[in-house]
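**Q** mind folding the following:
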Amino acid sequence: MSHTDQHLTVVTHPLVQHKLTLMRKSDTSTASFRQLLREISLLLAYEVTRDLPMTSTRIDTPMQPMDAPVIEGKKLALISILRAGNGLLDGILELIPSARVGFVGLYRDPETLQPVEYYFKVPSHLGERLTIAVDPMLATGNSSVAAIDMLKKAGAKDIIFLCLLAAPEGVARMKEAHPDVPIVTASLDEKLNDHGYIVPGLGDAGDRMFGTK
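**A** Residues are numbered from 1 along each chain as shown. The predicted structure follows:
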């Protein structure tokens, strides 16, 4: 269940929306927040992998041989935009344990709100893999655009951006910079505040996941 245009898909499945509401609550504990993020990321993974290419292989069932469907091509690549992206990564890996995993380390300068790179390590042959970049929050879009820039330089061609929450400003920034990269999210929220946080949002996802401030 989702609302989709060419660039943005909002997953409206009742389980996704219910878990997201629990995550938004300010009194949800760190442990519960982390568990809910793991659960919701698994559900979002169903949506983001909906159109994986398929082929068939010959197998033997206990009854007879058959041509059975399997996913075609190289193992997909999951790219966590550190540090909060790791919360989404864990749940998706439960569903797709064979996926290759990479990491992009970016932090947002509190004064300029611009991304600063500190780490980059990704799987080989990105150009032959579906590449799913994950980060719970698409706020200003600056870090996300920078991460996608880096992935494209590393050879990625087929990229999807998966997030928990998106702000209209971030969606517009991504669409302008990377119109070929679709966004899948659980909610398109109202706006950004003066500090670049999503409103109504859920606060800082990384802080809530790891119990830091």
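
**Q** packing partners of the longest helix anywhere in the chain?
**A** What stands out as the longest helix in the chain, according to DSSP state H, is helix 30-48. Applying 3 or more CB pairs under 8 Å, 6 or more residues apart in numbering; DSSP states H and E, one finds that helix 30-48 contacts strand 8-11, helix 14-24, helix 85-95, strand 158-166, strand 183-188, helix 205-210. Backbone N, C-alpha and C define where each C-beta goes, glycine included.

**Q** any idea which of the ones you listed is most buried?
**A** Mean neighbours per residue, mean count of other CB atoms under 10 Å, is largest over the helices and strands packed on helix 30-48 for strand 158-166, with a mean of 24.

**Q** for Asp158, name its beta-bridge partners.
**A** On the basis of DSSP bridges, Asp158 is bridged to Leu130.

**Q** what is the burial count for Val145?
**A** 20 (other CB atoms under 10 Å).

**Q** gap between the closest residue to it other than its chain neighbours and Leu89?
**A** Spatially, and ignoring its direct neighbours in sequence, Val145 is nearest to Ala177 (4.4 Å; CB to CB, 6 or more residues apart in numbering). In this view, Ala177 and Leu89 are 23 Å apart by CB to CB, to the nearest Å.

**Q** then Thr12?
**A** Counting by CB to CB, the gap from Thr12 to Leu89 is 23 Å.

**Q** my guess is Met23 meets Ile40, correct?
**A** Yes - judged on CB atoms under 8 Å, Met23 makes contact with Ile40 at a distance of 7.3 Å.

**Q** anything in contact with each of these two?
**A** Common neighbours of Met23 and Ile40 are listed as Leu164 (criterion: CB atoms under 8 Å, 6 or more residues apart in numbering).

**Q** buried ones in stretch 188-197, by neighbour count?
**A** In terms of neighbour count (16 or more other CB atoms under 10 Å), stretch 188-197 has its buried residues at 188-189, 192, 196-197.

**Q** farthest-apart pair in the residues you listed, please.
**A** Of all pairs drawn from the buried residues of stretch 188-197, the greatest distance, 16.7 Å, lies between Leu188 and Gly196 (CB to CB).

**Q** quick one: low-confidence ranges for this structure?
**A** In the predicted model of the chain, residues 1-5, 113 satisfy pLDDT under 70.

**Q** the same query, at a cut-off of 50, please.
**A** 1 (pLDDT under 50).

**Q** about what we covered before: the longest helix of the chain to helix 14-24, inter-axis angle?
**A** 150 degrees (axes from the mean of the first three to the mean of the last three CA atoms, to 10 degrees).
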